[in-house]
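Visitor: have a look; sequence and predicted model below, questions after that.
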Amino acid sequence: MALSDELTSYLKTTFKSNWAKREGQVVPDPEDLPLSNEAVHFDRATVLYADLSGSTALVDTKKWYFAAEIYKSFLYCAARLIRDNGGEVTAYDGDRVMGIFIGTSQSTNATKCGLKINDAVKNIIMPLMKEQYATSDFVLHHVVGIDTSEIRATRTGVRGDNDLVWVGRAPNYAAKLTELPADYPTWITGTVFDKISDEAKYGSTQKVLMWEKRLWTAMNNMEVYRSSWSWKV
């Protein structure tokens, strides 16, 4: 069969087949789903993207091994914190990692995780980097984006080379939030802000609001919140 015929056959099957759906109780692994039209549905899940900012300049101006160490350090810390705060790491995409949180405290857990990633960058990664590379002028900047919505997971790809794709607002918006300025490393949507507990809203013994409301002009002035605070790891 010619490749064009194979592609045509696959697409016809995909577009014409009915979808099977089941409710999600846990974040699935790729092997939990077939490659056919089947999806795992979540009434609500919270998605966190942690992105290493300025990676193009990093690889253009620094030694390859230094860039590799920065990549590995940031992604490892972010992934460990996602898991430690009740999330599941679902994808690595170049210089960023995606985590999904479910359950009753999902948005609070994801938001605390974002603030902890900021702490890890400032108080763990950067000091250890400077200890090894005392004369380096490099400063690690990052952005974490978090949104929550109804989402579905389905398996895509070819046999032997496939993964889950997450369909819904939260994965898209969380990823887009990482494009916002890194001087405020944690960005959450208004939907997330409305769902998080007070411990994730207010910091210090004086209960200071850790978040500043902004209008996301690129997304029809959607209400979002940004923070430069961190949460001790």
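Guide: It's in.
Visitor: the residue nearest the centre of the chain pairs with what?
Guide: Central residue of the chain (C-alpha atoms, centre = their mean): Tyr49, 1.5 Å from the mean position. With DSSP bridges as the criterion, Tyr49 is bridged to Met98, Gly145.
Visitor: can you pull out the low-pLDDT segments for the protein?
Guide: Along the chain, no part satisfies pLDDT under 70.
Visitor: just to revisit the earlier point, how close does the residue nearest to the centre of the chain sit to Val97?
Guide: 7 Å (C-beta to C-beta, to the nearest Å). All C-beta spots, glycine's among them, are computed from the backbone N, C-alpha and C.
Visitor: just Thr111 next, same as before
Guide: 16 Å.
Visitor: got it, and Tyr133?
Guide: Taken as C-beta to C-beta, the span from Tyr133 to Val97 is 23 Å.
Visitor: try Lys176
Guide: 16 Å.
Visitor: so which of the two has more stuff around it?
Guide: For Lys176 versus Val97, neighbours defined as other C-beta atoms under 10 Å are more numerous around Val97 (25 against 16).
Visitor: quick check: the more buried one touching Val47?
Guide: No. With contact defined as C-beta atoms under 8 Å, Val97 does not reach Val47; the gap is 11.4 Å.
Visitor: how about the closest residue to Met222 other than its chain neighbours, what does it touch?
Guide: Nearest residue to Met222 in three dimensions, chain neighbours excluded: Trp216, at 4.3 Å (C-beta to C-beta, 6 or more residues apart in numbering). Taking C-beta atoms under 8 Å, 6 or more residues apart in numbering, we find Trp216 in contact with Leu180, Met222, Glu223, Val224.
Visitor: now the last one: how far from Pro185?
Guide: Applying C-beta to C-beta, one obtains 14 Å for the distance of Val224 from Pro185.
Visitor: mind listing what Ser53 touches?
Guide: By C-beta under 8 Å, 6+ apart, the residues touching Ser53 are His141, His142, Val143, Thr178, Ala182.
Visitor: so how far is Tyr133 from it?
Guide: 19 Å.
Visitor: what about Thr191, how many neighbours?
Guide: So Thr191, with other C-beta under 10 Å, has 20 neighbours.
Visitor: secondary structure element holding it?
Guide: helix 190-195 (DSSP states H and E).
Visitor: identify all contacting residues around the helix or strand following that helix.
Guide: Remark: after helix 190-195, the chain's next helix or strand is strand 202-203, criterion DSSP H and E. Applying C-beta under 8 Å, 6+ apart, the external contacts of strand 202-203 come out as Val208, Leu209, Met210, Trp229.
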